[in-house]
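Participant: Need coordinates for the following:
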Amino acid sequence: MPLRRSILLLAILAFVAACGPGAGASPGSVGPYPSTAPSESTTPSGEASPDASQTRTALTVGLGYIPSVQFAQFYLADQAGYYDDAGLDVTFRHGTDYDVTALVGQGQLDLGLADGTSVIPAVSNGFPIRYIATIYGKFPSIVFAKASSGIAAAKDLKGKKLGIPGKYGSSWIMLQALLKSAGLTPDDLQIVEYPDFGQGAAVAQGAVDAATGFANNEPVQLELTGEKVNVLHVDEVTPLPGNGLIVGKAALESKRDPITAFVAATLHAMEDIKADPEKGLDAAIKAVPDLAAQRDTQAAILDATIDVWSGPVQESKGLGAIEPADWDKSVAFMKDLGLVPNPVTPDDLIDTSMLPQPGS
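Facilitator: Sure thing, here's the model as predicted:
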């Protein structure tokens, strides 16, 4: 690869490594980025201040990560007035070492976007949270490799060198499920840890044969350089729950109707973006103007993000849908990994009552 192209590729991968779902996350956390300040109409806890509008309900929503095109549906719902029309005053939060599951459980956030594989052990350990709407119907954590590596299936990983941020979190759980499907374990590979999330650049350089990443991040970026990429998905092996909206029990008791309205408004925006991705891209650029400098790149990331919104369940039942049987299977798999210390059932983990009902 020419030196100039190599330098460009490494720069791109280093930039976007912070933008993928879970990038930089510690085990069970959502993302490590600066927090946006609360709006003037809310207190730090998200409750309405004395001078706030009495006709709207304040909701504080933890997105984690840095603001990016991957949150286009939230930006569009806000900018298009969907939240306002629902009587909501929404504040989005991002944060450093930001554990959304903990903050939602503690009542410091009303809602949050969290990985389903973080929700299961959290609830097993007593966190009072519920998963109420699926955002990523396809599990976003994947294994990717250059097509030239010959890695086209899980069995091809045997004896290969694989990069991963660390042996924790959704990527580690996904990898074990993927390997198990081929009768392999992590001991059958050479695992190389990249705590700085440089595994994508390592694939580009040829330092590793494959790496974990996110379907709407690293492989998209690598393909934009002209490299053909193979991606291995876990969905057909174990239906691990992807990122979705979670809420604490206290917020459910005090703000159930506003939270139901928030879910409906967000799903409305997702449908809009599926029909016309440019709406989502424009909303993301309006929210994060720096994205305009890489419009084509951001469009590719958004297209990949839209794709992971819908798995088989969402295709048949609509965006946001949750399948309890899939959660049962996920609990069983994670229990085998020793990640479910106390028994939990789908009833402990999910609440589908806030999703739009058929015909509504």
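
Participant: neighbouring contacts of stretch 167-184?
Facilitator: Here stretch 167-184 makes contact (C-beta atoms under 8 Å, 6 or more residues apart in numbering) with 22, 25-28, 115, 117-118, 139-143, 153-155, 157-158, 162, 164-166, 185-186, 188-189, 191, 193, 212-213, 232, 234, 237-238, 240, 333-334, 337, 339. C-betas here are computed from N, CA, C, even on glycine.

Participant: where along the stretch 51-200 of the chain do the helices fall?
Facilitator: Listed in chain order, the helices of the stretch 51-200 of the chain (DSSP state H, counting those that start in this stretch) span residues 72-79, 82-85, 100-105, 116-124, 169-181, 199-205.

Participant: and the ones you listed, which one's lowest on average pLDDT?
Facilitator: Comparing mean pLDDT across those, the weakest is helix 100-105, with a mean of 92.

Participant: buried stuff in that helix?
Facilitator: Of the residues in helix 100-105, 100-105 count as buried by neighbour count, 16 or more other C-beta atoms under 10 Å.

Participant: circling back: can I get the helices of the stretch 51-200 of the chain in JSON lines including distance to A58?
Facilitator: As requested, those are exported to JSON lines (distance: least, C-beta to C-beta, whole Å):
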{"stretch": "helix 72-79", "distance to A58": "14"}
{"stretch": "helix 82-85", "distance to A58": "11"}
{"stretch": "helix 100-105", "distance to A58": "15"}
{"stretch": "helix 116-124", "distance to A58": "24"}
{"stretch": "helix 169-181", "distance to A58": "30"}
{"stretch": "helix 199-205", "distance to A58": "38"}
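
Participant: Mind checking those helices for the one nearest to L267?
Facilitator: Proximity to L267 (C-beta to C-beta) singles out helix 72-79 among the helices of the stretch 51-200 of the chain, at 8.1 Å.

Participant: So which elements touch that closest one?
Facilitator: Identification of packing neighbours for helix 72-79 by 3 or more C-beta pairs under 8 Å, 6 or more residues apart in numbering; DSSP states H and E yields strand 88-93, helix 249-275, helix 277-287.

Participant: ok, 10 Å please
Facilitator: helix 82-85, strand 88-93, helix 249-275, helix 277-287, helix 295-309 (3 or more C-beta pairs under 10 Å, 6 or more residues apart in numbering; DSSP states H and E).

Participant: Can I get those in CSV including mean neighbour count and distance to N217?
Facilitator: Shown next, in CSV, are those (neighbours: other C-beta atoms under 10 Å; distance: least, C-beta to C-beta, whole Å):
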stretch, mean neighbour count, distance to N217
helix 82-85, 18, 27
strand 88-93, 22, 20
helix 249-275, 19, 18
helix 277-287, 19, 15
helix 295-309, 19, 7
